[in-house]
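Asker: Show me the folded form of this:
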Amino acid sequence: MQKILLSVLFVVFAAFAVKAQDATPQPPVNPNAPEISFDNLVHDYGTIFQGADGACEFKFSNTGKEPLILSKPITSCGCTTSSWPQEPILPGKSDVIKVTYNTNNIGPINKTITVNSNGKTSMVRLSIKGTVVAKPATTTPEKPNEQGATPVNK
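Answerer: Residues are numbered from 1 along each chain as shown. So this is what the prediction gives:
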């Protein structure tokens, strides 16, 4: 009987302990908080040639009521770099995050850029995609032979 009572008490105690862990208070949501809104979350290069310009821009706006502050965007690999506005973006204003992909390697492009901010949506993932193909071989056109010209032998 004691074993059953102890078992029941243990189960009840364990249930309260698990429930207590779920009851972590959430910070209140600021209704005036800044909000980042992008025009597009994906840039598709399509098919581009090796060595081509891999620059693109992601335009965004602050649709909240307080200044938006971005931290350094995190790229998924070293072949992608980014620059971002380091000054606060006032409510109603827009700016761009510039991304450059190094097109020296041939193959598919599928990279992400993670943007963190003080906005209601604190993290947004941007994507770039496409395919880098080899440049077509360039041939030098042959000089047409002038009629009546005689080749000179040395």
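Asker: who's in contact with residue 102?
Answerer: Counting by C-beta atoms under 8 Å, 6 or more residues apart in numbering, residue 102 touches 54, 79-81. Using the backbone N, CA and C atoms, a C-beta is placed for each residue, glycine as well.
Asker: Compare those residues and tell me which has the most neighbours.
Answerer: Counting neighbours by other C-beta atoms under 10 Å, residue 54 leads those with 20 neighbours.
Asker: contacting residues around it?
Answerer: By C-beta under 8 Å, 6+ apart, the residues touching residue 54 are 45, 48, 100-103.
Asker: Equivalent analysis for residue 33, please.
Answerer: By C-beta under 8 Å, 6+ apart, residue 33 lies in contact with 64-66, 118-120.
Asker: Tell me the buried residues within these.
Answerer: 64, 66, 118-119 (16 or more other C-beta atoms under 10 Å).
Asker: Could you double-check that residue 75 lies in contact with residue 113?
Answerer: Yes. Here residue 75 lies in contact with residue 113, judged by C-beta atoms under 8 Å, at a distance of 5.4 Å.
Asker: Which residue lies nearest the spatial centre of this protein?
Answerer: residue 113 (2.0 Å; C-alpha atoms, centre = their mean).
Asker: Can you give the strand pairings for the stretch of helix or strand that one belongs to, parallel or anti for each?
Answerer: Following DSSP states H and E, one finds residue 113 within strand 107-116. Sheet pairing of strand 107-116 (DSSP bridges) gives strand 74-75 (antiparallel), strand 123-133 (antiparallel).
Asker: Residue 92: which of those strands is closest?
Answerer: Smallest distance to residue 92 across the strands paired with strand 107-116 (C-beta to C-beta): 18.7 Å, for strand 123-133.
Asker: List the buried residues for that closest one?
Answerer: Residues of strand 123-133 classed as buried by neighbour count (16+ other C-beta under 10 Å): 124, 126-128, 130, 132.
Asker: and what of stretch 42-55?
Answerer: Buried, per 16+ other C-beta under 10 Å, within stretch 42-55: 43, 45, 48, 54.
Asker: Repeat that for stretch 35-44.
Answerer: 35-36, 43.
Asker: Over to stretch 57-66?
Answerer: 58, 60-62, 64, 66.
Asker: who touches that stretch?
Answerer: By C-beta under 8 Å, 6+ apart, the list of residues contacting stretch 57-66 reads 30-41, 43, 68, 89-99, 113, 119-120, 126.
Asker: Cool, thanks, signing off.
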